[in-house]
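K.L.:
Return atomic coordinates for the entry below.
(chains A, B and C)
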Amino acid sequence: MPAAPTVIDDVFALDAGRGRGTGAPAGGGDDGPRGSGSAGSARRYFTGISLGLAGILMFFMALTSAYIVRKGFGGDWQALRLPPILFLNTVVLLASSLTMEIARRHAGGAQLDSFRRWWWVTTILGVAFLAGQVIAWRQLAAAGIYLPTNPASSFFYTLTAAHGAHLAGGILALFYVAFRAWERAKITRAAAAEIASIYWHFMDGLWIFLLLLLYLGR
Amino acid sequence: MATHESAAVHAHPAPTGFIRKYIFSLDHKVIGIQYWCLALFSVFLGMALSLLMRIHLAWPNLKIPFTAGGQISPEQYLALLTMHGSIMVFMVLTTAPQSGFGNFILPIQIGAADMAFPVLNMLSFWTTFVSLCVMGAAFFVPGGAPISGWTGYPPLSAMGEIAGPGQGMGQTLWVIGVAIFCGASLMGALNFITTIIDLRAKGMSLMRLPLTSWAWFVTAILGLLAFGVLLAACILLLLDRTAGTSFFIPGGLVVTDKLINHKGGSPLLWQHLFWFFGHPEVYIAILPGMGVASHVLSTFSRKPVFGYRAMVYALCGIGFLGFCVWGHHMFVSGMSPYSAFAFSLLTMSIGVPSAIKTFNWLGTLWGGRIQFTCAMLFAIGFVSLFVSGGVSGLFLAQPSIDLFFHDTYFVVAHFHLIMGVAAIFGIFAATYFWAPKMFGRHLHEGLGKIHFWFTFIGVYAIFMPMHWLGMLGHPRRYSSIEVLTQSNAQYASIHTFITIAAVITITAQLLFLFNFFWSLKKGKKAEVNPWNATTLEWTVPSPPPHDNFAGHLPTVHHGPYEFSVPGAPKDFIVQSEAPAMKRG
Amino acid sequence: MQRRKACAGSATTAGAMALLLFALTFVTVYLFVTKTWWFPRAITDFGHEVDAQFFRTLIITGIVFVLSQLALAYAVFRFRDRGQKAKYNEGNQTMEVLWTGATIVLFVGLGIMARSAWAEVHFRPAVPGALQVEVTGQQFVWNFRYAGPDGKFGRLKPELVNASGGNPLGLDPTDPEGKDDVVVPVMAVPVNREVELLIRSQDVTHSFFVRELRLKQDAVPGMLIRVHFTATETGVYEIPCAELCGLGHYRMHSTLTVMSDADFQKWLKEQAAANQ
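P.N.:
As a prediction, this is how the structure comes out:
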């Protein structure tokens, strides 16, 4: 880090532990104010995304426990036949995770074009998944199953909508990674792509979990 | 208000336009003050609502302006009660100690230039602001504010207008406001935790974190894990209200001879989700106060915090146990009696870390050289209130005793003492302590002391008698005691006493308001380190410049509370002081 | 080193603070010891057990309260700034372990002792011969239903609820078991006989509360909750609603009359006659 007090730091670095605490020099001391694109500065984004996902997980766990409790409570639960297109959507979403990893392999090097290409494929697959979810909703609606019809359908719409909203946020993030001029940013494009991918894969896994819940817990 | 003199030429220049500097500022200090002002407005609003309630309880026939027929109707009383609770819990107790002081002090205290995500920080403040506006708008819609209390139990809160006035648009706005607040708090929590994990200065190991920072850290973790759950609950409730779903509304309900078109929902489901958030929320309100109390007690006793490690473990223990005890709010709700017993034991054990903290505070004072600044007085008051409010928890934690006390004034006394006024005392201690740093000027100590005495005696006079109201069996949330024939005279006289105390105490708060605004203009100018304190915020100018350390982030060489170290030239060693003389 | 006093008049402040804390402790203890305001008399064995457990808790918390407040008062006064040097002390492991252990034993032990009273009402069902009373909360009245001579409750249909038309619970007239059901807005039970309450709600959550029974139970819509008690003293007792149920919460109120068995049978007959 190009911060001025580095020299002084080095002098006293040995003393940092003073026999107390963890001993290790603390967390992100290397972090200069608005430092340029270094790995140290990117760390906070990785921490941030992990914490964000923890918060999101709690949100979905609350809905999940509500699902389980409500299913056992009223005696008015009618198992929902999931629209088959959901499984196609699942394949699309899994494929998007795959293409994203392919894209990321090209993110760091000079093959920016292949990165862009695969990144766009990922984005399109994400949009396709959302479109597929909407189709699933329309199929259910056509069959006369709406949000308030019965608790199973209420949860189906609520869970898929909540997941869809989070995935839509992910798609915005993909656009951001694609369009932002990373040369002048705090972190590299590769780091940004990695952070977006953590979120994306998590949404992917979350969907698998929700599908299993909706399928096995119907 | 605070103007930041530029200390050094720096790569990250301070914004110059008024809007970027004071309105949509990215500076954690400005955002901290914004949060603080929002809380200040809210606390006076919430207090005004409680004053109306108190006056109505003591003198129901007194003419009150701005009310229908010059009197507070039962539904207006409940609307006041709901909004008092919601505003105080969300907009004051969650906002001031964590988002307000945390935002301003935390980055400086750990030696960072700003929060980890300044834009997110700004967003979380403005989201909170929107939430306050949406919630406050409930007063101005047809039917008025909701009447279901801050806990918003369905079906009362879920059935809409038919359940009572205020349950239409007012309740919808309330739910949306709370949901927005959840979003704001999640953003804030994420930012706090990241900042503490990744932006600590060199040498600032976790075991060198000041206890205030530790408290903000644990509080943020609680917020991150709890608010998502409340958000989920709010969404389900909103769907029940607007989309005709039946998550919380069971079938076969009849209101005024009309069958409600819902079926199968579980009212207890809401209670579980709500209290899974609600109990950690109590600790979100009080933990920062504990941090501030430890910090201030140590500083003005000129002694290290007694048992620093035990304090840290106790904070973490309270945070963890806080998630395991929500069921104690539901002993009479019809949940399984076996889980009630389990919740009871877990709740009793949360008394252990709380007791550890109390003993350590006493240990900190013991053998010290106590300086009675206003901040110190409020911190001592905090300890006293924490004990008084805490011991009544041991009654409520036992289901068999709670069968009597549940939903009586005993509970009102308990939670007001511990999460209401104890937390407020923490906020006051923080305000008197950090005002010199935040605004560059001291609050007037003489006025502050008068404010303290009135407040300290006042809150005890208000809330202690409520214990006995509870023992007499006075149910809470009653707008009138006219139908309670049993012990009616006793209720009435205690209520009158409480109201008189409340009027005096609330009036005394105007003293604080005056002191604050007067001191902003005329107060004694603050030096860099007026209290001879040890933590990093006392190494930067008062108020701190835009980027805190002018680009030279400090290195930490000392623990957070090195007061009166034997052999040291002064009675305090600032954390970033070079270790000139090393012992041992 | 010698520093100027940080704060003039610190002896006065310290004295005032200590005195205040002492006064607080004294007044609080006084009001508890003299029982200036106290529970209404308990009329069940369970109630006496709860009172005993309350008393045990009061003693323990009382000791904690008094010692902490007085220690605080003492420390504040004794260690006020008189120019002395503060004693550098980072803590004491032994003491931490000691008071952690002591509070665990004290608090958790107290919790375990509370078990028996709780188990009495909730871990065992009512005895087979118990008198069943169905308690229904609705905005803003209580209704009590007795099964009548056949000992069976008739079927309820929510769509038949018509409070103004004299059918507040929605009794199904086609069900023979419901013919002899007695629905009354006040409650009476015989003394010394176990009573099982079947608590339900028709609209929002209410809470059945009789102070002298030391009993409170939410009436949760969609659930039928059973609790039982045996009153051992005759008298008339209040039944306020203890869970916020809407704008009339404060006036939702009924009475429980505990009477001799003969009186009760007579009362029930009168009510049945009035119901026809």
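
K.L.:
any chance you could map the strands in chain A?
P.N.:
For chain A, no strands are identified by DSSP state E.

K.L.:
which sections of it are below the confidence cut-off?
P.N.:
A:1-40 (pLDDT under 70).

K.L.:
in it, which helix has the most residues?
P.N.:
Using DSSP state H to define each element, chain A has its longest helix at helix A:39-73.

K.L.:
Which elements pack onto that helix?
P.N.:
Packed against helix A:39-73, as judged by 3 or more Cβ pairs under 8 Å, 6 or more residues apart in numbering or on different chains; DSSP states H and E, are the following elements: helix A:151-179, helix A:189-216, helix B:169-198, helix B:211-242, helix B:267-301. Bear in mind the C-beta positions are built from the backbone N, C-alpha and C, glycine included.

K.L.:
So which of those helices is nearest B:Phe415?
P.N.:
helix B:267-301 (7.4 Å; Cβ to Cβ).

K.L.:
Could you double-check that A:Pro148 sits in contact with B:Ile249?
P.N.:
No: assessed by Cβ atoms under 8 Å, A:Pro148 is found out of contact with B:Ile249, at 10.8 Å.

K.L.:
who has more neighbours, these two?
P.N.:
Neighbour comparison, A:Pro148 and B:Ile249: the larger count goes to B:Ile249, with 28 against 16 (by other Cβ atoms under 10 Å in any protein chain shown).

K.L.:
sec struct for the more buried one, please.
P.N.:
Under DSSP: H, G, I helix; E, B strand; the rest coil, B:Ile249 falls in the coil class.

K.L.:
before we move on, what about B:Ala550?
P.N.:
Under three-state DSSP, B:Ala550 falls in the coil class.

K.L.:
List the contacts of the residue most central in space within chain A.
P.N.:
For chain A, A:Tyr199 is the residue whose C-alpha lies nearest the centre (Cα atoms, centre = their mean; 2.0 Å). A:Tyr199 sits next to A:49, A:52-53, A:170, A:173 when contact means Cβ atoms under 8 Å, 6 or more residues apart in numbering or on different chains.

K.L.:
One more pass at 10 Å, please.
P.N.:
A:49-50, A:52-53, A:56, A:166-167, A:169-170, A:173-174 (Cβ atoms under 10 Å, 6 or more residues apart in numbering or on different chains).

K.L.:
same thing with A:Ala62?
P.N.:
Counted by Cβ under 10 Å, 6+ apart, A:Ala62 has contacts B:226, B:228-233, B:235-236, B:272-273, B:276-277.

K.L.:
Going by distance to chain C, which of those residues wins?
P.N.:
B:His272 (12.4 Å; Cβ to the nearest Cβ).

K.L.:
So for that closest one, what's the pLDDT?
P.N.:
Note for B:His272: predicted pLDDT of 96.

K.L.:
Pull up the gap between it and B:His279, please.
P.N.:
From B:His272 across to B:His279, the span is 11 Å (Cβ to Cβ, to the nearest Å).

K.L.:
what is in contact with these two at once?
P.N.:
B:326-327, B:329.

K.L.:
so the residue of chain C found nearest chain A, which of the three states?
P.N.:
Nearest residue of chain C to chain A, counting by Cβ to the nearest Cβ: C:Gly222, 7.2 Å away. Under three-state DSSP, C:Gly222 falls in the coil class.

K.L.:
and it, how many neighbours?
P.N.:
C:Gly222: 25 neighbours (other Cβ under 10 Å).

K.L.:
okay, now the residue nearest to it when sequence neighbours are not counted: neighbour count?
P.N.:
Nearest-residue entry for C:Gly222: B:Pro250, 2.6 Å, with adjacent residues in sequence omitted and distances by Cβ to Cβ, 6 or more residues apart in numbering or on different chains. When neighbours are counted by other Cβ under 10 Å, B:Pro250 registers 23.

K.L.:
Would you mind confirming that B:Leu62 makes contact with B:Ile55?
P.N.:
Yes: contact criterion Cβ atoms under 10 Å: B:Leu62 and B:Ile55 qualify, at 6.1 Å.

K.L.:
Which residues are in contact with each of those two?
P.N.:
B:Ile72.
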